[in-house]
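K.L.:
Sharing a model prediction with you, sequence too.
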Amino acid sequence: MEKLQDRNWLKQKYIDEQLSMSQIGQLLGVSRYPVYRALKRFEIEARPHTSKYAELNDKDWLLEQHSQGKSIRQIAEEIGATAGAVQSALAHTGPRISQPIAHQTEELPEHISKIIKEYSGIKLDIGCGKNKQPGFVGIDYRDWGEVDIVQDLEQTPWPLPDDCVMTAVASHVLEHINPHGGIFLNVMDEIWRIVKPGGQFAFVVPYAGSQGYWQDPTHCNGITEATMLYFDPDPEGKYAGQTYYQFYEPKPWKIEKLAFNTNGNLECVLKKRLDDKSYHEDKPNDVVQEMSSDAKTEPVKKYFSDKY
């Protein structure tokens, strides 16, 4: 991708010719994310996403609504946009704006708000379906009977306050999340937002390419052991350093346990890291090292014992 090392060429395409990151990526045969990283490296300011909603391109109006204490969800409902679109537009208004969503516990069932208040957190079963983990709060896209929070998981933010989840689990859910357009990355960032610092997110998925993965017509997001390296900045150098993380720079997790069978499932436990500016500094690609055998075989089934 020599063109992405050429600031003048990139500036001409993005600024002068007004091509989008995706269009530049198509010219080079890559996704929009390497283009985004090149723009960031050369300090070329990224444009806000285009939108059919004129309000989303009006920075003054957005800031005024936000300063009045309106939540992202309230602004979205007012103009008929999605919460994700409003969140993206706010991110381009200048300095990063913290979403004031703590009051959204008012939208939750009373017993859940009470649990959060009394115990300073909940255990969350993401995509719980009809088999919610005992003692967990369930969130899913439809009410299956045991669902406490009905929410399209691909639409963020979820109606939960920051740092309110002690432990989150997801059994055979992530393989259903759309990986295109950054949706899967957004969902992982959303889980990071609601999990307490040091809290854990444990999940199991069918290993990408296995019979279990291909047999379900709704599976669209293949995950292998290498996929999780894109979410761990790995400052300890246990795996591949920032070789993978630096591509998209999502919210940072630490891989605590990882086990997989290429003909079966992949099980993983992630621990929420606090974000650090060092994770977002450009670094030369490290040599990708083979993951340690310990990392591959550490069992994590205790989180999903009643789901097998």
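P.N.:
Great, that's in hand.
K.L.:
For Ala270, which three-state class applies?
P.N.:
For the record, residue 270 is Leu, not Ala. Here Leu270 is strand, with the state taken from DSSP: H, G, I helix; E, B strand; the rest coil.
K.L.:
pretty sure Pro206 is in a strand, no?
P.N.:
Yes: assignment of Pro206 by three-state DSSP places it within a strand.
K.L.:
ok, Asp276 - contacts?
P.N.:
Contacts for Asp276 (C-beta atoms under 8 Å, 6 or more residues apart in numbering) come out as 233, 235, 252. All C-beta atoms are positioned from the backbone trio N, CA, C, and that covers glycine.
K.L.:
So for the second one, what's the pLDDT?
P.N.:
Read it as Pro235. Note for Pro235: predicted pLDDT of 90.
K.L.:
circling back to that earlier point, buried among the contacts of Asp276? Make that a ChimeraX selection.
P.N.:
A single ChimeraX command selects the buried members of the contacts of Asp276 (16 or more other C-beta atoms under 10 Å):
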select :233,252
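K.L.:
Dump the contacts of Asp276 into JSON lines; add secondary structure as well.
P.N.:
Output for these, formatted as JSON lines (three-state DSSP):
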{"residue": "Pro233", "secondary structure": "coil"}
{"residue": "Pro235", "secondary structure": "coil"}
{"residue": "Pro252", "secondary structure": "coil"}
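K.L.:
For the contacts of Asp276, please prepare CSV with the additional fields distance to Ile122.
P.N.:
Below are the contacts of Asp276 laid out as CSV (distance: C-beta to C-beta, whole Å):
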residue, distance to Ile122
Pro233, 27
Pro235, 29
Pro252, 22
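K.L.:
The one helix or strand Gly199 maps to pairs with which strands?
P.N.:
Following DSSP states H and E, one finds Gly199 within strand 195-206. Counting by DSSP bridges, the strands paired with strand 195-206 are strand 165-171 (parallel), strand 265-272 (antiparallel).
K.L.:
helix or strand right after it?
P.N.:
According to DSSP H and E, the helix or strand after strand 195-206 is helix 211-214.
K.L.:
just how off-centre is the helix or strand that comes right after that following helix within its chain?
P.N.:
Note on helix 211-214: by DSSP H and E, the next helix or strand toward the C-terminus is strand 253-260. How far strand 253-260 lies from its chain's middle: 16 Å, per C-alpha atoms, centre = their mean, to the nearest Å.
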